[in-house]
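# structure, please.
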Amino acid sequence: MTAAATSSNHVPSQPDVFDFKTYLKTSKETVEAALDGSLGPERPESLREAMRYSLLAGGKRLRPILCLAACELAGGTVSQAMPTAVALEMIHTMSLIHDDLPAMDDDDLRRGRPTNHKVYGDAVAILAGDALLTRAFEMVALRSPGVPPERLLQVVGELSLVAGAPGLVGGQVVDLESEGKEVTLETLEYIHLHKTGALLSACVITGAMIAGADEALIKALRVYARGIGLAFQIIDDILDITASSEVLGKTAGKDLIADKTTYPKLLGLDESRQRADALVKEAKDALAPWADRAMPLLALADFITSRDR
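Predicted coordinates for the structure are as follows:
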């Protein structure tokens, strides 16, 4: 048989193209429904209202989607990971409520509307954040049917580290202490690896833990998470300069106003963009052995550097 005949009779099958846009839309809708159901009627109603105001204010829902994607990569299911995914968004929302307070960043706008303390007052905003943090641990420990207790214990341990002094809180303190000062790239990366990167890392690690991932995958996911965590913050720093408040849904230019050190301030816009791209490549390379099953996580890494808000 000639080569031409072989070519005409045998057409290699084309690999399925991953439809990221549909995946993102469907995943976000699933997460939104779970978030809505996580805060049912309870007293005091004023506290519940403040919690729901910020938790259900929209956003990319990147963190819970990362958790779900990592769980599926490791062989688990969306239903197994959803309580932890909700918990992660609760912790993230707590950090936003507290970050916006007058004693912190003193911001008036978040996700396109007034910040929590502008609506409910400083005291209720603080308590709403506290309540979301504790509800997050309740979601994992008491509302995760079908997940072995030893895995849930691992998840609780991971979340306690990233939400406290070794993670979010520690990063926020160094960030506050660094305002108006000359900051090195090493210190800047410390801030972002703890303030932003720690929770993003927990998203993929806890998702994998729920599914019982082996150490090789956990190790690769930590490399992936570090890359996307720093890249996410670099893009945030760039957008703070280049995008409007209307597009961002939060106050643009606030880092400049607060005299904070950012990646563009240290490296310039072009080098900052190059660094973000390199970090995403590093993140994706870490998942190369699982590439056929990691398409959602690989696409989410690209989304981080291509987003406009």
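# contact partners for the nearest residue to residue 185 once chain neighbours are set aside?
Closest residue to residue 185 apart from its sequence neighbours, by C-beta to C-beta, 6 or more residues apart in numbering: residue 266 at 5.7 Å. All C-beta atoms are positioned from the backbone trio N, CA, C, and that covers glycine. Applying C-beta atoms under 8 Å, 6 or more residues apart in numbering to residue 266 gives the contacts 183, 185, 188.
# against residue 21, how distant is residue 266?
34 Å (C-beta to C-beta, to the nearest Å).
# need the contact list for residue 78.
By C-beta under 8 Å, 6+ apart, the contact set of residue 78 is 30, 68, 71, 72.
# count the neighbours of residue 176 for me.
Using other C-beta atoms under 10 Å, residue 176 is surrounded by 14 other residues.
# hang on, I meant residue 30
For residue 30, using other C-beta under 10 Å, the count is 18.
# which one is it nearest to, not counting chain neighbours?
Counting by C-beta to C-beta, 6+ apart, the residue nearest residue 30 is residue 78, at 6.9 Å.
# then residue 76?
Residue 76 sits nearest to residue 211 (C-beta to C-beta, 6+ apart), 2.9 Å away.
# try residue 77
residue 71 (7.1 Å).
# from residue 217, how far off is the one you found?
Counting by C-beta to C-beta - residue 71 and residue 217 are separated by 11 Å.
# what sits in contact with each of the two?
With C-beta under 8 Å, 6+ apart as the test, residue 71 and residue 217 both reach residue 208.
# low-confidence regions, the chain specifically.
1-16, 243-258, 309 (pLDDT under 70).
# geometric centre of it: which residue is closest?
Among the residues of the chain, the one closest to the centroid is residue 63, at 3.3 Å (C-alpha atoms, centre = their mean).
# residue 198 is in contact with that one, correct?
No - Residue 63 lies out of contact with residue 198 (C-beta atoms under 8 Å); the separation is 11.4 Å.
# pull the contacting residues for the residue lying closest to residue 92 once chain neighbours are set aside.
Closest residue to residue 92 apart from its sequence neighbours, by C-beta to C-beta, 6+ apart: residue 63 at 5.4 Å. Contacts for residue 63 (C-beta under 8 Å, 6+ apart) come out as 85, 88, 89, 92, 199, 200, 203.
# make TSV from these and add neighbour count and distance to residue 167 to it.
TSV is the format used below for the contacts of residue 63 (neighbours: other C-beta atoms under 10 Å; distance: C-beta to C-beta, whole Å):
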residue	neighbour count	distance to residue 167
85	31	18
88	31	12
89	29	16
92	24	12
199	24	7
200	27	11
203	32	12
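# hmm, back to that, dump the residue contacts of the residue nearest to residue 77.
Residue 71 is in contact with 77, 78, 80, 81, 207, 208, 210, 211, counting by C-beta under 8 Å, 6+ apart.
# now flag whichever of those residues is closest to residue 231.
Lowest distance from residue 231 to these (C-beta to C-beta) belongs to residue 207, with 18.9 Å.
# what about the closest one, neighbour count?
Residue 207, neighbours per other C-beta under 10 Å, totals 31.
# count of residues packed around the closest residue to residue 144 other than its chain neighbours?
Nearest non-adjacent residue to residue 144, counting by C-beta to C-beta, 6+ apart: residue 83, 4.4 Å away. Neighbourhood size, residue 83 [other C-beta under 10 Å]: 26.
# now the helices for the stretch 151-300 of the chain?
Secondary structure of the stretch 151-300 of the chain by DSSP state H, counting those that start in this stretch: the helices cover 168-178, 185-195, 197-210, 215-242, 245-248, 254-257, 263-267, 269-286, 295-306.
# packing partners for the last one?
When contacts are defined as 3 or more C-beta pairs under 8 Å, 6 or more residues apart in numbering; DSSP states H and E, helix 295-306 packs onto helix 20-38, helix 62-73, helix 215-242, helix 269-286.
# quick one, what contacts the closest residue to residue 20 other than its chain neighbours?
Leaving aside its sequence neighbours, residue 20 sits nearest to residue 299 (C-beta to C-beta, 6+ apart; 4.1 Å). Residue 299 makes contact with 18, 20, 23 under the criterion C-beta under 8 Å, 6+ apart.
# list only those of the residues you listed flagged as buried.
Buried members of these, counted by 16 or more other C-beta atoms under 10 Å: residue 23.
# need the contacts of residue 299 in a markdown table with distance to residue 239, can you?
Putting the contacts of residue 299 into a markdown table (distance: C-beta to C-beta, whole Å) gives the following:
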| residue | distance to residue 239 |
| --- | --- |
| 18 | 26 |
| 20 | 20 |
| 23 | 23 |
